[in-house]
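1. here is the input, now give the coordinates:
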Amino acid sequence: MLAAVDELQGEGTAVTITLKVAELLEERIVSGSAVFIILLLQERSGLVAASPDPNEPDAADLQSFKITGSGREALAAARAAEARRAGPLADFA
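-> All right, here's what the predicted structure looks like:
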């Protein structure tokens, strides 16, 4: 999810982030509701920031999300862990 938000460079809405997640996961169907809930949880955790104010009426469909510094650190850690799991033979797969 953070990778999708990062790739959209602060221009991602829940819909465009859902589409990007589907693209990155190479899945035809990704639940938009699940993506939105995860985005809200990541916002509470400080991994992403939303604008405009999510407390404004009718703002949910207008929100755009961008990754925060903490989110970038978490994404970098996840990518490093994945690279370690892949090991030195990953280039031969």
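2. just the strands in this protein please.
-> Ranges of strands in the chain, per DSSP state E, are 48-51, 64-67.
3. identify all contacting residues around the first one.
-> Counting by CB atoms under 8 Å, 6 or more residues apart in numbering, the neighbours of strand 48-51 from elsewhere in the structure are Leu2, Val5, Leu39, Gln42, Glu43, Gln63, Ser64, Phe65, Lys66, Ile67, Thr68, Gly71. Any C-beta I mention is one placed from the backbone N, CA and C, and that applies to glycine too.
4. most tightly surrounded among the strands of the chain?
-> Ranked by mean neighbour count, those are led by strand 64-67 with a mean of 21 (mean count of other CB atoms under 10 Å).
5. alpha carbons only: can I get that strand in PDB?
-> The C-alpha trace of strand 64-67 is given here as PDB (Å, rounded to 0.1, in the frame of the first residue of the first chain):
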ATOM      1  CA  SER A  64      -5.600  12.600  -1.600                       C
ATOM      2  CA  PHE A  65      -2.900  10.700   0.300                       C
ATOM      3  CA  LYS A  66       0.800  11.200   0.400                       C
ATOM      4  CA  ILE A  67       3.500   9.200   2.100                       C
END
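6. what mean pLDDT would you report for it?
-> Averaging pLDDT along strand 64-67 gives 94.
7. so what's Ile67 up against?
-> Leu2, Val5, Asp6, Gly10, Leu47, Val48, Leu75.
8. how about the residues you listed in a markdown table, adding distance to Leu24?
-> Compiled in a markdown table, those are given as follows (distance: CB to CB, whole Å):
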| residue | distance to Leu24 |
| --- | --- |
| Leu2 | 11 |
| Val5 | 11 |
| Asp6 | 11 |
| Gly10 | 17 |
| Leu47 | 17 |
| Val48 | 16 |
| Leu75 | 12 |
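9. alright, that wraps it up for me.
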